[in-house]
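Chemist: need the 3D shape of this:
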Amino acid sequence: MTANPQLEQLAFFVNRPHSCSYLAGRNTVNLFTDPGAPMDTAIYSHLADFGFRRSGSHIYRPHCPQCQACMPMRIPVHTFRPNRAQRRTLKANQGVQATPQPAAFNEEHFALYRHYMASRHPGGSMDDPSPERYMDFLNSPWSETLFTEFRHQNQLMAVSVVDVLARGLSAVYTFFDPAFAAHSPGRHSVLWAIGEAQRRGLDYLYLGYWIATSAKMQYKGEYRPLELLRDGQWQQLGRGETLPGTE
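Modeler: The predicted model follows:
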């Protein structure tokens, strides 16, 4: 992949095909790093530039033989400008206080996570998680992870989990109280992360994968400019340019 000696020492594996959670009727295969290999933020930062993501301690990227629908996405934060709808979201959340905290188990956060999962993803694998499964999903022993809580009039509205990488922030997961849906807490958390990356002097916000035909992914295309990893190269799309697969 690269001449970086840290990456050259990594072993990579593929898992068995399993049902794709984004595209109905398709199977997916993931390429992942050896879970027993040493890992740290520096190595993961290099892997993020090749489209890898973290889920718990596992680092993976889609590697489907006959499908390239999943494209890694990142936002170059210093050239980002909010559009009209995003400015309305920022205005609606002016009174919301964002507090980044080191990754640690918090009963209030966990209760919100369980409520969110039961409301938004009933019957899913994490519908009724234990504290251990919750932390194993969102955190890892080696990552620099923040649990940022958003409060409206002192009421916990949302929690956004991000990793701090060498060149940017990487969005891991956001969960929120459905009663605050009118505040667009998911979109607001992305806008906050863009601002936080700017404040830290970082270059990017890594947003996971873009899938043109997945309704779950459509919100990601609202942030411009954005960059997609295609054929091993990051390609920038500006405001007004059409995302691949949406022509």
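
Chemist: okay, which residue is most central for this protein?
Modeler: By CA atoms, centre = their mean, the chain has its centre lying nearest to Ala171, at 3.2 Å.

Chemist: so where do the helices sit in this protein?
Modeler: 5-8, 41-48, 84-92, 107-120, 131-138, 185-199 (DSSP state H).

Chemist: nearest to His58 among those helices would be which one?
Modeler: His58 lies closest to helix 131-138 among the helices of the chain, at 9.9 Å (CB to CB). The way it works is simple: take the backbone N, C-alpha and C, and place the C-beta from them, glycine included.

Chemist: angle of that closest one against helix 107-120?
Modeler: Between helix 131-138 and helix 107-120, the angle comes out at 80 degrees (axes from the mean of the first three to the mean of the last three CA atoms, to 10 degrees).

Chemist: identify all contacting residues around helix 131-138.
Modeler: 55-57, 103, 105, 110, 113, 126, 129, 145, 147, 161, 172-173 (CB atoms under 8 Å, 6 or more residues apart in numbering).

Chemist: output the lowest mean pLDDT helix or strand found in the chain.
Modeler: One helix or strand of the chain scores below all others by mean pLDDT, DSSP states H and E: helix 5-8, with a mean of 69.

Chemist: quick one on the thing from earlier: among the contacts of helix 131-138, which one lies nearest to His46?
Modeler: Ser57 (16.9 Å).

Chemist: quick check: Lys183 touching Val96?
Modeler: For the record, residue 183 is His, not Lys. Yes: the criterion here is CB atoms under 8 Å, and His183 meets it with Val96 at 7.2 Å.

Chemist: what touches both of these two?
Modeler: Common neighbours of His183 and Val96 (CB under 8 Å, 6+ apart) are His152, Met157.

Chemist: now the strands for this structure?
Modeler: Along the chain, counting by DSSP state E, strands occupy 12-14, 18-19, 27-28, 30-33, 53-55, 58-62, 71-76, 96-102, 145-152, 155-164, 168-176, 204-210, 226-230, 233-237.

Chemist: who's Phe175 bridged to?
Modeler: Val159 (DSSP bridges).
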